[in-house]
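[1] structure here, sequence nowhere to be found:
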């Protein structure tokens, strides 16, 4: 059996985690790594040398795409550096791309990423990691999906602490709201953190310094009647990430530490199944399986695109006296 050839772009911490998802897969070869920094490349190769002996190293992603004959590419670069890499990989003919979140930091970039992958029939999966966590998946598919709390009415997401940045950790929370809402956002309104009143487009540094991005509070009106409430920050609060899903017959509180089901006076702990592989490695393994067998990822590009549209909608609302912004946004 001919092995799928994988290349990783961005070979430091998260890129290394991407590669870890390939370990033990008999139908995969880590063929290439790409990074601006040679010492990062050398460390990447040294880490995986025992698993794959012929990893080619590149400092230019276009050279890697031209030379390495890749089937799958993973993208682990800075938040604002995904678009060209994904578009170029799709146009080069790779079959699958696993891209870090946020999908993009502008709606124009998100548009062209989606267009390139759809036109080239490339599977695009976005790393909104909780979609590969057993507690979150079980709660969504079995508890909510099984009708335990009835019809979902609204979803409240809370993100607090110093990393309550809209593009950095906010993308995870907005995706979680969309995950449980299961619908297309029709309009939003929002207020940004004090001091960011003029923040109209991404000005971050790739997610490193919290001061480069605002926190926000926002409202999301979904087409199916579900309403989303995004409470992000302020950054002076204690760190936390949690979601409340309210239905006609109860509600669920879920965080990374656990989940509870509330119905009347009863509270029940939600117990998740045990997975051998979770999070980012599970997402990478899912993509490998989809390239071989076909199907749709649990976190497709279309869902990542929703998140970008909502975030840019929040920024636009701030500039329009915190008013209603209809989605999809106007282009041009």
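    Cool, the structure landed. It should be emphasised that the depicted structure is a prediction, and the values quoted were computed from it without experimental measurement. Residues are numbered from 1 along each chain as shown.
[2] buried ones in stretch 18-35?
    18-22, 25, 28-35 (16 or more other C-beta atoms under 10 Å). C-beta coordinates here come from the backbone N, C-alpha and C atoms, glycine included.
[3] start to end distance for it?
    Start-to-end span of stretch 18-35 (C-alpha to C-alpha, to the nearest Å) is 14 Å.
[4] farthest pair within the buried residues of stretch 18-35?
    Comparing every pair within those by C-beta to C-beta identifies 25 and 35 as the most remote, at 22.5 Å.
[5] ok, which stretches of the chain are helices?
    For the chain, the helices defined by DSSP state H occupy 13-20, 38-48, 61-67, 83-91, 107-119, 134-138, 170-181, 279-293, 301-319.
[6] verify the stated contact: residue 287 with residue 297.
    Yes - the pair residue 287 / residue 297 is scored as a contact, 6.6 Å apart, by C-beta atoms under 8 Å.
[7] neighbour count winner among the two?
    Neighbour totals were compared for residue 287 and residue 297, and residue 287 leads with 25 against 21 (other C-beta atoms under 10 Å).
[8] gap between the more buried one and residue 106?
    In this view, residue 287 and residue 106 are 25 Å apart by C-beta to C-beta, to the nearest Å.
[9] with residue 130 instead?
    For residue 130, the distance to residue 106 equals 24 Å [C-beta to C-beta].
[10] quick one: which of those two has more around it?
    Per other C-beta under 10 Å, whichever of residue 130 and residue 106 has more neighbours is residue 130, with 21 against 15.
[11] if we can go back for a sec, between residue 287 and residue 297, which contacts overlap?
    Jointly contacting residue 287 and residue 297 under the rule C-beta atoms under 8 Å, 6 or more residues apart in numbering are 123, 125.
[12] can you get me a residue count around the residue lying closest to residue 239 once chain neighbours are set aside?
    Once flanking residues are discounted, residue 239 sits nearest to residue 161: 2.9 Å by C-beta to C-beta, 6 or more residues apart in numbering. Other residues lying near residue 161 total 18 when counted by other C-beta under 10 Å.
[13] who are the contact partners of residue 161?
    Shown in contact with residue 161 (C-beta under 8 Å, 6+ apart): 235, 237, 238, 239, 240.
[14] got the phi/psi numbers for it?
    Dihedral pair for residue 161: phi 100, psi 180, per degrees, to the nearest 10.
[15] please tell me how far it sits from residue 234.
    The value you get for residue 161 to residue 234, if C-beta to C-beta is used, is 9 Å.
[16] what of residue 295?
    Distance, residue 295 to residue 234, using C-beta to C-beta: 41 Å.
[17] between these two, who's got more neighbours?
    For residue 295 and residue 234, the more surrounded residue by other C-beta under 10 Å is residue 234, and the numbers stand at 15 against 11.
[18] quick check: the gap between the nearest residue in space to residue 273 that is not next to it in sequence and residue 300.
    Closest residue in space to residue 273, ignoring its immediate chain neighbours: residue 134 at 5.3 Å, by C-beta to C-beta, 6+ apart. Going from residue 134 to residue 300 by C-beta to C-beta gives 20 Å.
[19] same question, residue 257
    Distance of residue 257 to residue 300, given as C-beta to C-beta: 28 Å.
[20] ok, now residue 211?
    33 Å.
[21] who has more neighbours out of these two?
    Ranked by neighbour count (other C-beta under 10 Å), residue 211 and residue 300 place residue 300 first, with 17 against 12.
[22] let me see the contact set for residue 8.
    The contact partners of residue 8, by C-beta under 8 Å, 6+ apart, come to 15, 18, 19, 30, 32, 33, 34, 44, 73, 74, 76.
[23] ok, so of those, who is nearest residue 191?
    Closest to residue 191 out of these is residue 76 (32.2 Å), distances taken as C-beta to C-beta.
[24] which parts of stretch 165-175 are buried?
    Buried, per 16+ other C-beta under 10 Å, within stretch 165-175: 165, 166, 167, 168, 169, 170, 171, 172, 173, 174, 175.
[25] just the mean pLDDT for it, thanks.
    Mean pLDDT, stretch 165-175: 97.
[26] find me the pLDDT at the residue nearest to residue 239, would you?
    Looking at residue 161, its pLDDT is 96.
[27] what sits against the spatially most central residue of the chain?
    For the chain, residue 128 is the residue whose C-alpha lies nearest the centre (C-alpha atoms, centre = their mean; 2.8 Å). If you count contacts by C-beta under 8 Å, 6+ apart, residue 128 has them with 101, 171, 172, 175, 176, 179, 299, 303, 304, 307.
[28] residue 177 too?
    Residue 177 neighbours (C-beta under 8 Å, 6+ apart): 155, 157, 220, 228, 229, 230, 243.
[29] and the nearest residue to it once chain neighbours are set aside, how many neighbours does it have?
    Leaving aside its sequence neighbours, residue 177 sits nearest to residue 228 (C-beta to C-beta, 6+ apart; 4.3 Å). By other C-beta under 10 Å, the residues close to residue 228 number 24.
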